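Asks: How does the following fold in three dimensions:
(4 chains)
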Number of protein chains: 2
Amino acid sequence: MQEATFLILTALADGSQHGYGIISEVADISGKRVRLRAGTLYTALDRLRADGLIDVDREEVVDNRLRRYYRLTPEGGLRLAVEAARLQANANAALRRLNPALGVI
Amino acid sequence: MQEATFLILTALADGSQHGYGIISEVADISGKRVRLRAGTLYTALDRLRADGLIDVDREEVVDNRLRRYYRLTPEGGLRLAVEAARLQANANAALRRLNPALGVI
DNA sequence: TGACATATGTAGTTCAGCGATATATACCGT
DNA sequence: ACGGTATATATCGCTGAACTACATATGTCA
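Replies: Residues are numbered from 1 along each chain as shown, chains lettered A, B, ... in the order given. Down below sits the predicted model:
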């Protein structure tokens, strides 16, 4: 799973969000490091929906603009947890090798 | 940076390795989760070399078979550290949101 | 002798993120 | 009144990177 996809799922982990809100939330989560482009986001949302990791929660109209809210499916939450564990393991493996002093921890 | 690339750099973080050795080491690091294919590895090594993140350390012939050893460049080590920190941050962000009880830590 | 491990390499495919572009409304400053 | 910026969704074409499959070659073991 790519970083953009992972961060989209992360943004949805504490409640439903609409597309544009996800862009802001991902920027926030990543400390402005990752700024999702519209193309990345909406194609990813379609893909994640097809994969059953997210679902459309509801649609609202605010200021005459449609907001389509997405939420994690149970499968999506599980998948995010698995991916987070994988990232942690990879990061730890690298840091242990870069700094052998950490190996004893 | 993709997972395969990250794990290749990680495998080189504690000393030089030849291509086939990297495949074994990555399998080891990842708990047999990631099994690099030859195509993935050698194209990645070419790319990483072009990017200045790794370098050819030396070449040996063992049992009439060539072994080309690669090592991290200083830039490659730095890059790996940056990527590891990023993975840690992403994993923590996801885990905090999945389990709000962790948020207070 | 045939399968498997070791060892490097190329070719073609597929997936996903990116930039560019499109459309449309609201808000704010000048 | 007009332009710039933020909000909001969506499509198209490009590219980078991983994957499958294939190719080549030697050594080991059953």
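
Asks: Next up, phi/psi of the closest residue to DNA strand C within chain A, please.
Replies: Closest to DNA strand C within chain A is A:Gly39: 2.1 Å, counting by Cβ to the nearest atom of the strand. For every residue, glycine as well, the C-beta is placed using N, CA and C. Taking degrees, to the nearest 10, you get phi -60, psi -40 for the backbone angles of A:Gly39.

Asks: Give me the distance between it and A:Glu3.
Replies: 16 Å (Cβ to Cβ, to the nearest Å).

Asks: Neighbour count: these two, which is higher?
Replies: For A:Gly39 versus A:Glu3, the count of surrounding residues by other Cβ atoms under 10 Å in any protein chain shown is larger for A:Glu3: 18 against 8.

Asks: check contacts around the more buried one.
Replies: A:34, B:90 (Cβ atoms under 8 Å, 6 or more residues apart in numbering or on different chains).

Asks: tell me the pLDDT at it?
Replies: Confidence at A:Glu3, expressed as pLDDT, is 93.

Asks: try A:Gly103
Replies: So, for A:Gly103, pLDDT stands at 60.

Asks: which residue ranges form the strands in chain A?
Replies: Under the criterion DSSP state E, chain A contains strands at A:17-18, A:54-62, A:65-72.

Asks: Any residues of chain A in contact with chain B? List them.
Replies: A:2-3, A:6-7, A:9-10, A:13-14, A:29-31, A:33, A:77, A:80-81, A:83-91, A:93-95, A:97-98, A:100 (Cβ under 8 Å from any Cβ of the partner chain).

Asks: redo that, cut-off 6 Å
Replies: Within chain A, the positions near chain B by Cβ under 6 Å from any Cβ of the partner chain are A:10, A:13-14, A:29, A:80-81, A:84, A:87-88, A:90-91, A:93-95, A:97-98.
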